[in-house]
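> Take this sequence and fold it.
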Amino acid sequence: MNVEKYTLKLTIPVLLFLALFQLGKFTAEAQNVSRPFETEISFPKDLNTPTVNFNLQSLGNKKFKLILDEPNTQSTEVKIFDILGNLILQDQLMPDDGLQKNYDFTHLNSKIFVVEVGNAKYNKTKSIYANPHGTIDKQSKLKE
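Predicted coordinates for the structure are as follows:
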């Protein structure tokens, strides 16, 4: 008789558990959220926008030339910083500007400039010492 009470006590909770499990009372609601399956992959149209290749050529005392390798097909942003990272000039290169653009910073103390050319997605950064090789800066010569 003791064994019958024990099996009856054990059987009722097990049956109750199985009945509730079948009704879904123990499933997590967060996992039952349905969402659509993606059947296509799409990429932004400007993903393959090529980078802008350019060179910098010193023209003398704090002057330099930006030279594009290929004609510019869209407006491209140019940012010029001094050696401390201060933004000196923010410019736009338009397709009708051609392959070259000159910059003159004789009014500044810095001779080393960092030039960033590109758009919101791609950019290239180069630096230039705007004093041609083999020349002596007259101001620094006078200070000696």
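> show me where the protein has strands.
Using DSSP state E, the strands found in the chain span residues 54-60, 63-68, 76-82, 87-93, 100-104, 112-118, 123-129.
> closest one to residue 15 among the ones you listed?
Across the strands of the chain, residue 15 has its closest neighbour in strand 123-129 (68.9 Å, Cβ to Cβ). No exception for glycine: its C-beta is placed from N, CA and C like everyone else's.
> And that closest one, what does it pack against?
strand 54-60, strand 112-118 (3 or more Cβ pairs under 8 Å, 6 or more residues apart in numbering; DSSP states H and E).
> if we can go back for a sec, want to throw the strands of the chain into a markdown table with distance to residue 15 and mean pLDDT?
Supplementary listing: those in a markdown table, determined by distance: least, Cβ to Cβ, whole Å; pLDDT from 0 to 100:
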| stretch | distance to residue 15 | mean pLDDT |
| --- | --- | --- |
| strand 54-60 | 78 | 89 |
| strand 63-68 | 80 | 91 |
| strand 76-82 | 72 | 92 |
| strand 87-93 | 75 | 93 |
| strand 100-104 | 84 | 92 |
| strand 112-118 | 70 | 92 |
| strand 123-129 | 69 | 89 |
